[in-house]
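>>> Here is my input; please provide its structure:
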Amino acid sequence: MASGCTKKKSEGVTEITFWHIWGAKYAQRAMNKIVEQYNQQNPGVKVVPLVVPFSETGAFIQKVLTAIAGGTPPDVLTFSGVPVLAGKNALLPLDGYIKRDNFDLHNFLRYRVKVASWGGHQYGIPFSTSANSLLFYNKDLFREVGLDPERPPRTWKELEETAKKLTIIKNGKIERLGFVPNWGQGWLYVWTWANGGEVLAEDNRTLLIDQPEGIEALEWMVRFADDICGGTKAIAAFGERFQGLEQGPLYTGKIAMLVTGSWDFRSIKLYAPDTDFGVALLPHSEKGKHITSCGGFSFCIPRGVRHPEEAWKFIKYITSKEIQLQWAKETDEMPTRPACWTDEYFTKDPKWQVAIEAMKNAHPFPEVPFGAELWQYLNIDAVQQALFHKKTPKQALVDAAKKCRKVIEKYYESTQK
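Next up is the predicted model:
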């Protein structure tokens, strides 16, 4: 089983392989438990799990495509940006199974269902999600500088004022930062949404991020870094001091506020159990509103699998309400079935209530076959060029948008041939 792809059918038992991405000990233990339960309940099938390091591009994509080309794909695949593989004709449409079994997709978060589809077909069933853009803040540091720990900033203006009070810069050297817009999950996409803008239109081909809302968001990020944090070069030098998650600036008190996701509820317990943290909705501009980006993973069936029926049956089991809730309680991940959120595990925890409130206005990242290129040009290249003053924010974003439009045009031209 070294390749994770071998299929067997012996002594009346069908063996199917399951690639998943949860390699942390606690998550792997929880997933193995789910698989063991399934195998015990289904003696004619043996699901064999294999952890495969995940990325939405590069080595992971190539590993999947190579397995398909070689005739040895995993029967069940865990993936996030489903359209990336669907756009390469690498996944099996699930529409027939869904219709035949009256599998109700309305029980799942609408936008997670949407981003697991492409071209009018459903290619994945959502399993986990997350509120990616929450404001984590250190209440102890708020008290230290005389701020009300029960009143986190709600707007960009309040965020600026709060960050100034919490930042410590002596002789040009940063000792503590109140906040850095592009740290954690502070992507340009996120701040554009918080400013009332959009990244990509509903048609998945009309780029909108270089409209005024996106340009204003990038200008705000640059101004914040320069005026409050001492400039991007100083921020970068400060950031080099932190190695490893447990020694990250949030948990060591070197940054007072950070945009990060609901997965960090577990990290707080692990790395800073004695620090009093608060969690709040993401601050927005005067013309925007509270939003969160949202991520998550779905289960798919690659093309060419030998046991699609058994794969589908396992996917139905692992995405059920009972299993999603079991997974959530053991991993602190968020289920994609909102019915799970009424469990007291969520209702009795104020942090989870903030996350659930944020999900009322959740924005999935553009899940399109060309999403990786858009991400690189917009969230990485344009932002870095603006932060380091190689270009004005407007010029950086306009130039990046031109590259993105060429990528989009090229993709749709290729699909029409």
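
>>> distance of Pro153 from Tyr137?
The span separating Pro153 from Tyr137 equals 8 Å under the rule C-beta to C-beta, to the nearest Å. The C-beta positions use only the backbone N, C-alpha and C, and glycine is treated the same way.

>>> intersection of neighbour lists for those two?
The overlap between the contact sets of Pro153 and Tyr137 (C-beta atoms under 8 Å, 6 or more residues apart in numbering) consists of 257, 280.

>>> With neighbour numbers in mind, choose between the two.
Comparing Pro153 with Tyr137 by neighbour count (other C-beta atoms under 10 Å), the higher total belongs to Tyr137, at 26 against 21.

>>> what helices or strands is the strand or helix carrying that one leaning on?
When elements are defined using DSSP states H and E, Tyr137 is found to belong to strand 134-138. Applying 3 or more C-beta pairs under 8 Å, 6 or more residues apart in numbering; DSSP states H and E, we find strand 134-138 packed against strand 257-260, strand 277-281, helix 350-358.

>>> in what helix or strand does the one residue sitting closest to the centre of the chain lie?
Averaging the C-alpha coordinates of the chain gives a centre point, and the residue nearest to it by C-alpha atoms, centre = their mean is Gly295 (3.1 Å). Under DSSP H and E, the secondary-structure element containing Gly295 is strand 292-300.

>>> Paired strands for that strand, with orientation please.
The strands beside strand 292-300 in its sheet (DSSP bridges) come out as strand 76-79 (antiparallel), strand 124-131 (antiparallel), strand 362-364 (parallel).

>>> any idea which helix or strand comes after it?
helix 308-318.

>>> Report the distance from that following helix to the chain centre.
Going by C-alpha atoms, centre = their mean, to the nearest Å, the spacing between the C-alpha centre of helix 308-318 and its chain's C-alpha centre is 24 Å.

>>> Phi and psi next, for the residue nearest to Val76 when sequence neighbours are not counted.
Nearest residue to Val76, sequence neighbours excluded (C-beta to C-beta, 6 or more residues apart in numbering): Phe18, at 4.5 Å. Geometry field for Phe18 lists phi and psi as phi -130, psi 110, criterion degrees, to the nearest 10.

>>> do the same with Ala27
The phi and psi torsions at Ala27 (degrees, to the nearest 10) take the values phi -70, psi -40.

>>> all numbers from here: first residue = 53
Understood, numbering begins at 53; the last thing we discussed is Ala79.

>>> Now do the same contact list for it.
So Ala79 contacts Thr383 (C-beta under 8 Å, 6+ apart).

>>> SS state for Cys281?
Cys281 carries the three-state label coil when classified by DSSP: H, G, I helix; E, B strand; the rest coil.

>>> Check what pLDDT it gets.
According to the prediction, Cys281 has pLDDT 97.

>>> That one and Val435: what is the separation?
In this structure, Cys281 lies at 14 Å from Val435, with C-beta to C-beta as the measure.

>>> Model confidence at Phe112, what's the number?
On the pLDDT scale, Phe112 is placed at 87.

>>> number of nearby residues for it?
As a measure of burial, Phe112 has 18 neighbours, counting by other C-beta under 10 Å.

>>> returning to what we had before: could I get the strands paired with strand 344-352 in CSV, plus columns for mean pLDDT and mean neighbour count?
Supplementary listing: these in CSV, determined by pLDDT from 0 to 100; neighbours: other C-beta atoms under 10 Å:
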stretch, mean pLDDT, mean neighbour count
strand 128-131, 96, 26
strand 176-183, 96, 26
strand 414-416, 93, 20
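
>>> quick one: which of those is nearest Lys365?
Closest approach to Lys365 among those (C-beta to C-beta): strand 128-131, 10.1 Å.

>>> who's in contact with the closest one?
By C-beta under 8 Å, 6+ apart, the surrounding residues in contact with strand 128-131 are 68-73, 99, 106, 116, 137, 143, 176, 179, 349-354, 363, 366-367.

>>> Now do the top helix by length along the chain, average pLDDT.
Assignment by DSSP state H gives helix 445-468 as the longest helix of the chain. Average pLDDT, helix 445-468: 95.

>>> coming back round to it: CA-only coordinates of the strand holding Tyr189, as PDB, when you get a sec.
Coordinates of the C-alpha atoms in strand 186-190 are reproduced here as PDB (Å, rounded to 0.1, in the frame of the first residue of the first chain):
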ATOM      1  CA  LEU A 186     -12.100  36.700  12.600                       C
ATOM      2  CA  LEU A 187     -10.300  39.300  14.700                       C
ATOM      3  CA  PHE A 188      -8.500  37.500  17.500                       C
ATOM      4  CA  TYR A 189      -7.300  40.000  20.200                       C
ATOM      5  CA  ASN A 190      -5.400  39.800  23.400                       C
END
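
>>> Within its sheet, name the partner strands of that strand and how each one runs.
Counting by DSSP bridges, the strands paired with strand 186-190 are strand 309-312 (antiparallel), strand 329-333 (antiparallel).

>>> These: which one's closest to His359?
Among the strands paired with strand 186-190, the nearest to His359 by C-beta to C-beta is strand 309-312 (38.9 Å).

>>> Now do that closest one, average pLDDT.
Per-residue confidence for strand 309-312 averages out to 96 on the pLDDT scale.

>>> Residues touching it, excluding its own?
For strand 309-312, the surrounding residues in contact (C-beta under 8 Å, 6+ apart) are 184-190, 204-205, 211, 214-215, 218, 230-233, 235-238, 242, 301-302, 334.

>>> Give the next helix or strand downstream of it.
Next in sequence after strand 309-312, counting helices and strands by DSSP H and E, comes helix 316-323.
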